[in-house]
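K.L.:
Fold the stuff below for me.
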Amino acid sequence: MREMVGGCCVCSDERGWAENPLVYCDGHGCSVAVHQACYGIVQVPTGPWFCRKCESQERAARVRCELCPHKDGALKRTDSGGWAHVVCALYIPEVQFANVLTMEPIVLQYVPHDRYIKTCYICEDHGRESKAACGACMTCNRQGCRQAFHVTCAQMAGLLCEEEGPEADNVKYCGYCKHHYIKMCDSLPLLGGVLQQRKMRSSGENTERGSFGHSRGGSTSPAQDKHGSHHHRLRKVSVLCIVVYILSLHLTIAWCGLYWCICMNAQILSLSLRFHSESQGQGEAKGEA
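P.N.:
As a prediction, this is how the structure comes out:
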């Protein structure tokens, strides 16, 4: 397993953790880097590791994402035998994983036809008109906005983010057009933490280091919710452990304080009873005298 520097092709985070390491493909000329949980790696091998594309040994010319015009990046097999980016599968709502732990195969049968006929405004703006109609597009998450774009185009432009889902361990994957993304970022302080912004490369900073690793420094039902992915659960569990630890610490301190108060009250009561008993004894002695 190769050790080098570079961001995850799925989430673009360059950090790695002991429970969720950043893994690099050992395939010849392959620049794929992914977190264990982002790519559904059940167990990281001690030796060489190969992404699904390199593992298949399929000719590069035959491998293309069914959801976007880009060929490089972290791909997995679809249920029809084709290929799709994991990041594309995460951000297009109707796409599902047949197995959410291994994140494969990617199920495309529920993607509506209208997503395939939308054109990517980012491709058009960058003079890639021939690719604008390839694959399927997501739509800006701002209500009322109809701007459509490929997930990977938005990722390279830094327009993807994560928001809290309806359930505690779920994450809603969102993308915005450039206009609404800038407005959303400007309003972040007013959102009170509802948005968990995870910029996947801002358009003005290292945009070419997006999903595809161009820069390197060296079984469940298909209907199961794909958004409750393992690395988000790990993050939630870690936060929960910290909260439980703090609460238990406060509870321990409270019990110690309560125990001290009980002991002090017991001593005071004992002294009071002793004083009362001695006073009563002295009174009786005087009466007899």
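K.L.:
Strands of the stretch 101-250 of the chain, start to end?
P.N.:
Using DSSP state E, counting those that start in this stretch, the strands of the stretch 101-250 of the chain run over 106-107, 138-139, 148-149, 160-164, 171-175, 195-196.
K.L.:
domain assignment for this structure?
P.N.:
65-227, 229-289 (automatic domain parsing).
K.L.:
Off-centre distance for the first one?
P.N.:
Per C-alpha atoms, centre = their mean, to the nearest Å, the displacement of domain 65-227 from the mean C-alpha position of its chain is 13 Å.
K.L.:
about what we covered before: would you mind giving the strands of the stretch 101-250 of the chain as CSV with distance to C30 and mean pLDDT added?
P.N.:
Where you see a C-beta, it was placed from the backbone N, CA and C, and this is true even at glycine. Shown next, in CSV, are the strands of the stretch 101-250 of the chain (distance: least, C-beta to C-beta, whole Å; pLDDT from 0 to 100):
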stretch, distance to C30, mean pLDDT
strand 106-107, 19, 98
strand 138-139, 26, 98
strand 148-149, 26, 98
strand 160-164, 23, 86
strand 171-175, 25, 90
strand 195-196, 30, 44
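K.L.:
so which of the ones you listed comes closest to W83?
P.N.:
strand 106-107 (8.4 Å; C-beta to C-beta).
K.L.:
From what I see, D79 and E104 are in contact.
P.N.:
No. Between D79 and E104 there is no contact under C-beta atoms under 8 Å: 9.2 Å.
K.L.:
intersection of neighbour lists for those two?
P.N.:
A98 (C-beta atoms under 8 Å, 6 or more residues apart in numbering).
K.L.:
Just the C-alphas of stretch 108-120, formatted as PDB.
P.N.:
C-alpha atoms of stretch 108-120 as PDB (Å, rounded to 0.1, in the frame of the first residue of the first chain):
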ATOM      1  CA  LEU A 108     -28.700   3.400 -11.300                       C
ATOM      2  CA  GLN A 109     -32.200   2.100 -12.200                       C
ATOM      3  CA  TYR A 110     -34.000   4.600 -10.000                       C
ATOM      4  CA  VAL A 111     -32.400   7.700 -11.600                       C
ATOM      5  CA  PRO A 112     -35.200   9.600 -13.500                       C
ATOM      6  CA  HIS A 113     -34.700  10.200 -17.200                       C
ATOM      7  CA  ASP A 114     -34.800  14.000 -16.800                       C
ATOM      8  CA  ARG A 115     -31.500  13.900 -15.000                       C
ATOM      9  CA  TYR A 116     -29.900  12.500 -18.200                       C
ATOM     10  CA  ILE A 117     -31.300  15.200 -20.400                       C
ATOM     11  CA  LYS A 118     -30.100  18.100 -18.300                       C
ATOM     12  CA  THR A 119     -27.000  19.900 -19.400                       C
ATOM     13  CA  CYS A 120     -24.100  20.900 -17.100                       C
END
